[in-house]
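Engineer: have a look; sequence and predicted model below, questions after that.
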Amino acid sequence: MNRMGDFPSILLLNTSWIEWGGTTLIAALVFIETGFLLGLIVPGGETLLFTAGLLTGVRTLHLPVLALIGILIIAAVAGDMTGYLIGRKLGDRLHSQPDNFLFRRRYLEQSDTFYRKHPRRALLVGRFLPIIRTFNPLLAASSGMPWPRFLLLTATSCVAYISVLVLAGFWLGQQFPQIGQYVEYIFLGVVVLVIGTLIVQRLRESHTPTINTNGAEPHSKKL
């Protein structure tokens, strides 16, 4: 079997997947980034949105760019509201949750510090900051922020965040339509970037010094 000869076919299959299911896939990823804390596992929301705009600009995604922006805004707001409901359910227990595959206490503490200092700014500007973006709905709910106020602030931030990134990618695709010849490689590059970022992040965490509760000296986790 000629595996190298099959490689272009695999890329072509990926392109067809983007064309027919790309919008649904991208919207689903935008939703679960904040709705189910996916942003803590696979960073890259900005890359995803920029690529979506780029693929629309070169006509790989066959829908108007404003329709794409509208769909993604709805997905992002729905994800934030889901995260808000989860935060309401957890309440103060959020700060006592142990580390697991989805949750890291140090990320929560970093986001909580920023949120307590700048609650409104955290919801508006924090949308552009990966870790803070993911924890914002949980922190807003656990702090007791009324849901209408949260909805207004998060919807405003979603409109700005998604519009800027999607339109930037769309503009690039319109200015350089020849990029469309390399859609397969763009798709592959995004996948490699996301997976590579995840691997690097996990390797860094495995070497992060930890302190036990008995006051022993810090030590690094071993692989």
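Structural biologist: Alright, I've got the coordinates.
Engineer: by mean pLDDT, point me to the weakest helix or strand of this protein.
Structural biologist: Using mean pLDDT, DSSP states H and E, strand 219-220 stands out as the lowest-scoring helix or strand of the chain, at a mean of 46.
Engineer: now do stretch 164-180: everything it contacts.
Structural biologist: 46, 49-60, 65, 68-69, 72, 186 (CB atoms under 8 Å, 6 or more residues apart in numbering). In this view, the C-beta of every residue, glycine as well, is placed from N, C-alpha and C.
Engineer: please redo it, this time with the cut-off set to 10 Å
Structural biologist: 26, 45-61, 65-66, 68-69, 72-73, 128, 183, 185-186 (CB atoms under 10 Å, 6 or more residues apart in numbering).
Engineer: selecting buried members of these in ChimeraX, what would you type?
Structural biologist: Buried subset of the contacts of stretch 164-180, written as a ChimeraX selection, criterion 16 or more other CB atoms under 10 Å:
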select :26,45,47,48,49,50,51,52,53,54,55,56,57,58,60,61,65,68,69,72,73,183,186
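Engineer: among the contacts of stretch 164-180, which are in helices?
Structural biologist: Counting by DSSP state H, the contacts of stretch 164-180 place 26, 45-57, 65-66, 68-69, 72-73, 183, 185-186 in helices.
Engineer: which stretches in this structure count as helices?
Structural biologist: Ranges of helices in the chain, per DSSP H, are 3-35, 45-57, 65-90, 105-117, 119-124, 130-142, 147-175, 183-206.
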